[in-house]
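A.B. asks: Curious how this folds, go ahead:
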Amino acid sequence: MENIVIIGAGPAGISAALYAARGNLNPLVINNGIGALEKAEKIENYYGLEQPVSGRELYERGLAQAEALGVRIIEAEVLGISGFDTFTVKTTAGDFDTVSVILATGGKRTAPKIPGLREFEGRGVSYCAVCDAFFYRGKEVAVVGNGDFALHEAEQLRNVTQGVTIYTDGKKPEFSREHPISVNTMKIQAIEGEDKVSGLLMQSDASVQEAETQVKSFYPADGVFIALGTAGSTEIARQMGAEITDKDNIKINEEMETTIPGLFAAGDCTGGLLQVSKAVYEGSMAAISAGKYVRSKKSS
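C.D. replies: Numbers count the residues shown, from 1 in each chain. As a prediction, this is how the structure comes out:
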């Protein structure tokens, strides 16, 4: 059983790891890549930088600093988290049981630009299989995505619904294992319906350049679940039942604790100022609070 599992290895995640390690909590960091920091060409408004550094360089310095302190960092994709009193973090590298979790994977991803997606949110379009699968029991559903996160969501739905199809929206499937779920690789033209979702309009021959000559096909579906890329902090928190703000950020208190005891969040996923300095503070605070939580659990 881990004391603290930190999901994310950017400024918030690594800051949390440093404080947790110095607190003798032996944290485990799950890293799935650099994230938004890679877009920062130059960072020069951060304490201690005599010369500007790129986001990539700052990220690599952070990893090296944590590793020098003995922090364990594994490369894996988080698929979901289950549990309440203690947690099980499900990843592509296996499952990890832990007393507490710190979510620090950055802000919410941009939703795909598919016509009809925004219009049908809450009326057939969902971002959480665990949350909404019950409403589609015995029905046909679609999962939009091409990676392991989409596969995980489809497997959750498969236990409840009549049928599940993964739609990659023209992208190449990138699943890390074999599975029996149907996959459609055509480009999605639109999500259609009237009062609620009725299906997906697909472009059956995306290689044809003239739009008027392309053949379109309609695939019925009662629900469409969006699962592009990897599961971000907000998606994970929502799946677990933590409260999300009206701006789609994770709701936290001043100690970085979410509405679920033992689940903490830090960095861009909590909203507000999207700066390295803010992420570092929140990561540090989350580790201190998680440490208090772990010790209280062990003493009770």
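
A.B. asks: contacts, neighbours, all on C-alpha from now
C.D. replies: Fine.

A.B. asks: Need the three-state assignment for residue 160.
C.D. replies: Assigned by DSSP: H, G, I helix; E, B strand; the rest coil, the conformation of residue 160 is coil.

A.B. asks: That one: neighbouring residues, count only.
C.D. replies: Neighbourhood size, residue 160 [other CA atoms under 10 Å]: 16.

A.B. asks: Please enumerate the strands of the stretch 151-300 of the chain.
C.D. replies: For the stretch 151-300 of the chain, the strands defined by DSSP state E, counting those that start in this stretch occupy 163-167, 182-184, 187-193, 197-203, 216-220, 223-226, 263-265.

A.B. asks: I'd like the ones you listed written out as CSV, with mean pLDDT added.
C.D. replies: Formatted as CSV, the strands of the stretch 151-300 of the chain follow (pLDDT from 0 to 100):
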stretch, mean pLDDT
strand 163-167, 96
strand 182-184, 95
strand 187-193, 94
strand 197-203, 93
strand 216-220, 87
strand 223-226, 94
strand 263-265, 97
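
A.B. asks: if we compare those, which one ends up closest to residue 38?
C.D. replies: Residue 38 lies closest, by CA to CA, to one member of these: strand 263-265, at 20.9 Å.

A.B. asks: so of the strands of the stretch 151-300 of the chain, which one's packed in deepest?
C.D. replies: Mean neighbours per residue, mean count of other CA atoms under 10 Å, is largest over the strands of the stretch 151-300 of the chain for strand 263-265, with a mean of 29.

A.B. asks: Can you check which of the strands of the stretch 151-300 of the chain gets nearest to residue 116?
C.D. replies: strand 187-193 (4.8 Å).

A.B. asks: Given the closest one, what are its sheet partners and their directions?
C.D. replies: strand 197-203 (antiparallel) (DSSP bridges).

A.B. asks: Residues touching the partner strand, excluding its own?
C.D. replies: 120, 123-125, 186-193, 214-224 (CA atoms under 8 Å, 6 or more residues apart in numbering).

A.B. asks: Repeat that for stretch 117-124.
C.D. replies: For stretch 117-124, using CA under 8 Å, 6+ apart, the contacting residues are 125, 190, 191, 195, 196, 197, 222, 223, 224.

A.B. asks: Low-confidence regions, the stretch 201-300 of the chain specifically.
C.D. replies: 204-216, 230 (pLDDT under 70).

A.B. asks: now the helices for it?
C.D. replies: 233-240, 276-299 (DSSP state H, counting those that start in this stretch).

A.B. asks: related to what we said a few turns ago, let me have the strands of the stretch 151-300 of the chain in JSON lines, adding distance to residue 141 as columns.
C.D. replies: Shown next, in JSON lines, are the strands of the stretch 151-300 of the chain (distance: least, CA to CA, whole Å):
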{"stretch": "strand 163-167", "distance to residue 141": "5"}
{"stretch": "strand 182-184", "distance to residue 141": "11"}
{"stretch": "strand 187-193", "distance to residue 141": "12"}
{"stretch": "strand 197-203", "distance to residue 141": "9"}
{"stretch": "strand 216-220", "distance to residue 141": "8"}
{"stretch": "strand 223-226", "distance to residue 141": "5"}
{"stretch": "strand 263-265", "distance to residue 141": "30"}
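
A.B. asks: So for residue 101, which of the ones you listed sits nearest?
C.D. replies: strand 263-265 (5.0 Å).

A.B. asks: So which elements touch the closest one?
C.D. replies: When contacts are defined as 3 or more CA pairs under 8 Å, 6 or more residues apart in numbering; DSSP states H and E, strand 263-265 sits against strand 94-103, helix 276-299.

A.B. asks: After the first one, which helix or strand is next?
C.D. replies: Proceeding N to C from strand 94-103, the next assigned helix or strand is strand 125-126, under DSSP states H and E.

A.B. asks: Tell me where the model's unsure across the stretch 1-150 of the chain.
C.D. replies: For the stretch 1-150 of the chain, counting by pLDDT under 70, the residues that fall below are 108-111.

A.B. asks: Tell me where it has helices.
C.D. replies: 11-22, 55-68, 129-132, 148-158.
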